[in-house]
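Peer 1: Quick check, what structure comes out for this input:
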Amino acid sequence: MDTTLYIRNMVCNRCIMVVEQQMDKWKLPVSHIALGEVTTTAPISDKQLDTIRKDLEALGFGLIDDKRQQTVERVKTAIIKLIYQKDLIQKINLSMWLEEELNEDYAHLSAWFSELESTTIEKFFIAQKIERVKELLRYEELTLSQIADQMHYSSVAYLSNQFKKVTGISPSQYKQSTENTRTPLDAVKSYK
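Peer 2: Reported below is the predicted structural model:
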């Protein structure tokens with residue numbers, strides 16, 4: 001019998017690797033692993049589940065037991081994946097894309113997300129895009145125009161306005177600042 005564990009704060013491939021190593025440590029065979037979830041073919045006892053919960057929390061992750069919270073975490077994971085897939089982000093309708101990606105009604109997704117995260121899906125999406133822009137600015141390999149193009153903003157001005165609205169400073173001020181630290185993806189909430 002397959003058991004799927006939903007895991008909070010899995011936001012990158014390195015997180016997948018860490019969770020996969022933990023599954024080996026717990027001697028649980030993995031049949032599927034992705035951002036936010038891992039499936040094992042072995043049954044998990046309550047005692048094992050407690051150990052897994054404690055070990056994951058020590059690593060900055062967490063098990064998600066609530067169905068609504070699992071769904072919200074799947075929304076977050078899907079958005080993070082979308083932000084990093086250059087070809088997908090271009091000119092999508094976020095609500096339709098999420099419905100297709102998660103096979104869930106957007107009205108339910110939106111209501112649960114707003115209730116549990118105290119922000120909207122759209123604001124979370126924008127906050128994630130801005131974190132990606134910060135990352136690209138820090139690398140200093142692309143111009144602001146190239147970043148706007150890569151992130152599918154209609155113009156540099158639109159990107160700059162949204163960036164300032166979210167961060168309180170312009171992209172050029174951010175780039176020049178010595179404190180241009182990014183927020184870890186699992187800590188990004190949204191802008192006000």
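Peer 1: Not counting sequence-adjacent ones, nearest residue to residue 142?
Peer 2: Leaving out its chain neighbours, the residue that sits closest to residue 142 by CB to CB, 6 or more residues apart in numbering is residue 136, at 5.6 Å. Quick note: C-beta positions are derived from backbone N, CA and C, even for glycine.
Peer 1: Kindly apply the preceding question to residue 5 instead.
Peer 2: Residue 5's closest residue in space is residue 38 (CB to CB, 6+ apart), at 5.3 Å.
Peer 1: Quick check: which element contains the one you found?
Peer 2: In this structure, residue 38 sits in strand 37-40 according to DSSP states H and E.
Peer 1: Give the next helix or strand downstream of that strand.
Peer 2: helix 46-58.
Peer 1: Distance from the chain centre to that following helix, please.
Peer 2: Relative to its chain's centre, helix 46-58 lies at 23 Å (CA atoms, centre = their mean, to the nearest Å).
Peer 1: Can you spell out which helices and strands pack onto it?
Peer 2: Applying 3 or more CB pairs under 8 Å, 6 or more residues apart in numbering; DSSP states H and E, one finds that helix 46-58 makes contact with helix 13-25, strand 62-64.
Peer 1: Show me which positions of the shortest one end up buried.
Peer 2: In terms of neighbour count (16 or more other CB atoms under 10 Å), strand 62-64 has its buried residues at 62-64.
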